[in-house]
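Peer 1: Give me the fold of what follows.
(one chain, ligands or ions: 2)
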Amino acid sequence: MKQAVHFGAGNIGRGFIGALFSQSSYHVTFVDIAEQIINKLNEEKSYKVVLATNQKETIQIDNVSGLNNMTQEQEVITAIKEATYLTTAIGPNILPRIAPLMARGITERVAQTDEKKLYVIACENQIGATDILKQHILDNLDEETKAKIEGKVHFFNSAVDRIVPIQDQDSLDVLVEPYYEWVVEAKESIPHVEGMTIVEDLAPFIERKLFTVNTGHAVIAYLGYLAGKSTIDETLADDAVANQVRETLKETGAYLVKEYGIDETEHLSYINKNIERFKNPFLNDGVTRVGRSPIRKLGPEDRLIRPATQAEKAGLPFENLAKAIAAALLFDNPEDQEAMEIQSMIKEHGPEYVLKTVSKLEENSEIAKEVIRAYDMLKSNASEA
Ligand SMILES: NC(=O)c1ccc[n+]([C@@H]2O[C@H](COP(=O)([O-])OP(=O)(O)OC[C@H]3O[C@@H](n4cnc5c(N)ncnc54)[C@H](O)[C@@H]3O)[C@@H](O)[C@H]2O)c1
Ligand SMILES: O=P(O)(O)OC[C@@H](O)[C@@H](O)[C@H](O)[C@H](O)CO
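Peer 2: Numbers count the residues shown, from 1 in each chain. Ligands and ions are numbered 1, 2, ... in the order given. Reported below is the predicted structural model:
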């Protein structure tokens, strides 16, 4: 049986990428630090993907097992030696931590005469995530191995789209929305995986996804959190928020249409389709999950700052994006470590400091000034409420 090794047995790992490999007749070895999930995978050897619809259709996922990368390093290396695909859905910040073990697996693999190719794909919400993972892996390889991986280990960037909320931790089953899209940039033919779409140039796909699905999602999450709402669909039921999402996506849309020559009408229907996805009442998707890790989300290449800076460069409006950035600065969820770090930076040095150090916005740039205006307004509205 063909083998896939997937790092991250969480929501997207089990609910999307691992499930597609299993449905494509691969055995999937999930690698994770969550001992309870790994044990369950090895005991139950299967789980269900449950679609978040009225009927709650289920899909049986078989041929799965688990390894703990902290305690079973040698077993992970052996699994990598035998795999066709090596994928991740672990969170962009974790990639540097798993790269050394991946590098050891790749080193042992290419030391053999085996000519079988290995395909590495990071499935994260980050532009160029596989390139970033590749660099971390290369940093952990010796010169001889670096030369040997040429033609044997292939790295492909990808864009992954499926809303998977936080799950009941007692079961391996995963509730997911029915919609999904997995786009992989490859200039050659690669082993077939059900549901994987191959494109030659990923840039329009990843930017369209991040700056529509994830920008829209972030607007709802941060405004919802400020309004004391708990889920995305509940927040979106407020017309003022729905309007704010549309206005923000008009701004990212104007940039995407200009940059990539995307058809305007088609893009409008893409926006509408995504707003409908956010309304799914069966997902029960928390604003704190969607708003998680605001340092990452306020990064210069992420869903809020990059479309704003690109819009400014192109002479397009960015006021609504500025409001979303301001709302992110007010995300003070005590359970979220990055939110707490931002709040202490604001307390010590002010919001301008976060925009300068985290978002890499120039001090007194038009975007920074607009964000601060929106921040003061949102803050005073919140204290009046
Ligand atoms: N959930 C979604 O709707 C969704 C959709 C598209 C893309 N994504 C992206 O997929 C990635 C994963 O998101 P998720 O929602 O599945 O998160 P998750 O928290 O459910 O899963 C991450 C998994 O990684 C594991 N992990 C963390 N640190 C680890 C380490 N050092 N070694 C091994 N395992 C480790 C965790 O135990 C967890 O099981 C993120 O980049 C996210 O942006 C998520
Ligand atoms: O996973 P994050 O933290 O980058 O973003 C939160 C959500 O917007 C995200 O997980 C979406 O549900 C997903 O990207 C949909 O494809």
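
Peer 1: low-confidence ranges in the chain?
Peer 2: Within the chain, no stretch has pLDDT under 70.

Peer 1: right, and the helix or strand after the top helix by length along it?
Peer 2: The longest helix of the chain (DSSP state H) is helix 239-260. Next in sequence after helix 239-260, counting helices and strands by DSSP states H and E, comes helix 264-278.

Peer 1: Convert the C-alpha atoms of that following helix to PDB, please.
Peer 2: Provided in PDB are the C-alpha atoms of helix 264-278 (Å, rounded to 0.1, in the frame of the first residue of the first chain):
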ATOM      1  CA  GLU A 264     -14.800  40.800 -11.500                       C
ATOM      2  CA  THR A 265     -18.200  39.100 -11.700                       C
ATOM      3  CA  GLU A 266     -16.700  35.700 -11.000                       C
ATOM      4  CA  HIS A 267     -14.800  37.100  -8.000                       C
ATOM      5  CA  LEU A 268     -18.000  38.700  -6.600                       C
ATOM      6  CA  SER A 269     -19.700  35.200  -6.700                       C
ATOM      7  CA  TYR A 270     -16.600  33.700  -5.000                       C
ATOM      8  CA  ILE A 271     -17.100  36.300  -2.200                       C
ATOM      9  CA  ASN A 272     -20.800  35.500  -2.000                       C
ATOM     10  CA  LYS A 273     -20.100  31.800  -1.900                       C
ATOM     11  CA  ASN A 274     -17.700  32.300   1.000                       C
ATOM     12  CA  ILE A 275     -20.000  34.500   3.000                       C
ATOM     13  CA  GLU A 276     -22.600  31.700   2.700                       C
ATOM     14  CA  ARG A 277     -19.900  29.200   4.000                       C
ATOM     15  CA  PHE A 278     -19.400  31.400   7.100                       C
END
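
Peer 1: other SSEs contacting the helix or strand just after that helix?
Peer 2: Once helix 264-278 ends, the next helix or strand along the chain (criterion: DSSP H and E) is helix 287-290. Other helices and strands packing on helix 287-290, by 3 or more Cβ pairs under 8 Å, 6 or more residues apart in numbering; DSSP states H and E, are helix 215-226, helix 232-236. Every C-beta, even on glycine, is put in place using the N, C-alpha and C of the backbone.

Peer 1: So what touches helix 287-290?
Peer 2: If you take Cβ atoms under 8 Å, 6 or more residues apart in numbering as the criterion, helix 287-290 is touched by 165-166, 217-218, 220-222, 224-225, 229-232, 235, 333, 335-336.

Peer 1: check whether that helix contacts ligand 1.
Peer 2: No. Residues of helix 287-290 contacting ligand 1 under Cβ under 6 Å from any ligand atom: none, with a closest distance of 7.4 Å.

Peer 1: buried residues in that helix?
Peer 2: For helix 287-290, burial by neighbour count (16 or more other Cβ atoms under 10 Å) applies to V287, T288, R289, V290.

Peer 1: Now do that helix: distance to the chain's middle.
Peer 2: Here helix 287-290 is found 13 Å from its chain centre; the criterion is Cα atoms, centre = their mean, to the nearest Å.

Peer 1: now swap in stretch 278-292 and tell me
Peer 2: When distances are taken as Cα atoms, centre = their mean, stretch 278-292 is centred 14 Å away from the chain's centroid.

Peer 1: So for it, first residue to last residue, what's the gap.
Peer 2: Start-to-end span of stretch 278-292 (Cα to Cα, to the nearest Å) is 17 Å.

Peer 1: Just the buried ones among the contacts of helix 287-290, please.
Peer 2: Using 16+ other Cβ under 10 Å as the burial test, the contacts of helix 287-290 include 165, 217-218, 220-222, 224-225, 229, 231-232, 235, 333, 336 as buried.

Peer 1: and which of the residues you listed is nearest to ligand 2?
Peer 2: Distances from ligand 2 to those, taken as Cβ to the nearest ligand atom, are shortest for H217 (3.6 Å).
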